[in-house]
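Student: Show me how the following folds:
(chains A and B)
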Amino acid sequence: DAGVIQSPRHEVTEMGQEVTLRCKPISGHDYLFWYRQTMMRGLELLIYFNNNVPIDDSGMPEDRFSAKMPNASFSTLKIQPSEPRDSAVYFCASSFRDGTEAFFGQGTRLTVV
Amino acid sequence: QQQVKQSPQSLIVQKGGISIINCAYENTAFDYFPWYQQFPGKGPALLIAIRPDVSEKKEGRFTISFNKSAKQFSLHIMDSQPGDSATYFCAADDPANFGNEKLTFGTGTRLTIIP
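Tutor: Modelled structure (predicted):
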């Protein structure tokens, strides 16, 4: 397995534009997590899914953020409209049902100008 | 909100020395304590983990020490090498909470090993 795959690796967009980040989890994993990493706030959990169902979205900062998991092999995190303060590295991770090890993707570095 | 407090924020250690990173938690339901290692431009990766039924776990140069009564655990890197320079995150989870499992991460420690 190639691991968790995220795209794009880098995204530069103008304020107000819609941004969509994509994630392909490891096949067979039950959990999918979206994290945001910044220097100021560290690694923040935004939302996670269990068997494609959103379980906890309390970390989503605002209504501008939304996430979907239409099937077991694909998830998206959308920001609409984007703002400069959304600039961060966004990680997707997946794990088996016991949750003991989360496998992270390489991340998407988002810059909103 | 469940929290894991990590210190120090940054650490510089001489090559060959011992690097020590500390974490403290509040939720007594936590039952699994992993450490993740992150290199620049990469996602975090599991380094070593411990469950509270043991007080210490060692894998090569990496050791986790766990103090259940104090609700603290630490990562020790023996004979630290420049290749160990990375950001380290402690985390905690309640694996028994089926259907609602998620890792709670500390804020990270940027470790630099100098020659």
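Student: which secondary element of chain B has the worst mean pLDDT?
Tutor: strand B:104-105 (a mean of 86; mean pLDDT, DSSP states H and E).
Student: And the very next helix or strand once past that one, what does it pack against?
Tutor: For strand B:104-105, the succeeding helix or strand toward the C-terminus, using DSSP states H and E, is strand B:109-114. For strand B:109-114, the packing partners by 3 or more CB pairs under 8 Å, 6 or more residues apart in numbering or on different chains; DSSP states H and E come out as strand B:10-14, strand B:19-25, strand B:86-92. For glycine as for every other residue, the C-beta is placed from the backbone atoms N, C-alpha and C.
Student: Can you point out the buried residues in strand B:109-114?
Tutor: B:109, B:111, B:113 (16 or more other CB atoms under 10 Å in any protein chain shown).
Student: what's the answer for stretch B:10-21, then?
Tutor: B:11, B:13, B:19, B:20, B:21.
Student: Which of the buried residues of strand B:109-114 sits closest to chain A?
Tutor: residue B:109 (10.3 Å; CB to the nearest CB).
Student: can you pull the contacts of that closest one?
Tutor: By CB atoms under 8 Å, 6 or more residues apart in numbering or on different chains, the residues touching residue B:109 are B:6, B:7, B:8, B:9, B:10, B:11, B:21, B:87, B:88, B:89.
Student: if I look at it, how far off is residue B:71?
Tutor: As for residue B:109, its distance to residue B:71 is 18 Å (criterion: CB to CB, to the nearest Å).
Student: Residue A:112 now?
Tutor: 39 Å.
Student: do residue B:17 as well
Tutor: Using CB to CB, we find residue B:17 at a distance of 27 Å from residue B:71.
Student: just residue B:82 next, same as before
Tutor: In terms of CB to CB, residue B:82 sits 33 Å off from residue B:71.
Student: More neighbours: those two, which one.
Tutor: Using other CB atoms under 10 Å in any protein chain shown, the more surrounded residue of residue B:82 and residue B:71 is residue B:71, with 17 against 10.
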